[in-house]
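Asks: Here is a sequence together with a model predicted from it:
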Amino acid sequence: MGEALALDAAWLFAAFLILLVLAAAGIAARRFLLERRGAAVECGLRQQARPWRLGLASYQLDEFRWYRTFGFSMRPERTFPRRDLVVVARRPPTGEEATILGPGRIVAECQAGGSDPGPVDLALAESALTGLLVWLESAPPGSHLDAVL
């Protein structure tokens, strides 16, 4: 009886390890596919005083797309249209934020419009923040006219 129980426990542990490896491989494959789409950077996101969430951001033609780090969906969790996202200020992270976000991050305090307006904080590396600012400023001429009219 004892040997059978030990054998069952070993099989359960092996099955758990296989599931863990498959989940890690799925997350790694997802990240690889997201990065292949181009212009992807690591980015923390905090909306309306909620906790920080770590993820991956992608600059598309007219959208800033944010994906959770740990997930299987290929759809972005948040999408910000270029014309509705404005960087209001930037600052270094506080001590508690630096622990969560990791070293070398800058917090960009933004204002989002569109369907889900409100304050949004993005935590990016300095080079990624420069890329975000350049992407925001390089909108095609006249792309904001429909918001004014």
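Replies: Perfect, I can see it now.
Asks: contacts and neighbour counts: CA atoms only from here.
Replies: OK.
Asks: Would you mind listing where this protein has pLDDT under the threshold?
Replies: Residue ranges of the chain with pLDDT under 70: 1-2, 30-31, 33-34, 37-39, 115, 141-149.
Asks: now the helices for this structure?
Replies: 2-36, 95-101, 126-137, 145-148 (DSSP state H).
Asks: Please name every helix or strand in contact with the second one.
Replies: Put plainly, it is helix 95-101. For helix 95-101, not one helix or strand is in contact under the criterion 3 or more CA pairs under 8 Å, 6 or more residues apart in numbering; DSSP states H and E.
Asks: Pick out the residue nearest the middle of the protein.
Replies: By CA atoms, centre = their mean, the chain has its centre lying nearest to residue 55, at 2.7 Å.
Asks: ok so, going back, nearest to residue 86 among the helices of the chain would be which one?
Replies: helix 126-137 (8.0 Å; CA to CA).
Asks: for that closest one, the distance to its chain's centre please.
Replies: How far helix 126-137 lies from its chain's middle: 15 Å, per CA atoms, centre = their mean, to the nearest Å.
Asks: buried ones in that helix?
Replies: For helix 126-137, the buried set under the neighbour-count rule, 16 or more other CA atoms under 10 Å, comprises 128-129, 131-132, 135-136.
Asks: ok, back up a step: and of the helices of the chain, who's closest to residue 108?
Replies: With CA to CA, the closest approach to residue 108 among the helices of the chain belongs to helix 126-137: 7.6 Å.
Asks: picking that back up, who are the contact partners of the residue nearest to the centre of the chain?
Replies: 42-45, 66-70 (CA atoms under 8 Å, 6 or more residues apart in numbering).
Asks: Against residue 13, how distant is it?
Replies: Separation of residue 55 from residue 13 (CA to CA, to the nearest Å): 30 Å.
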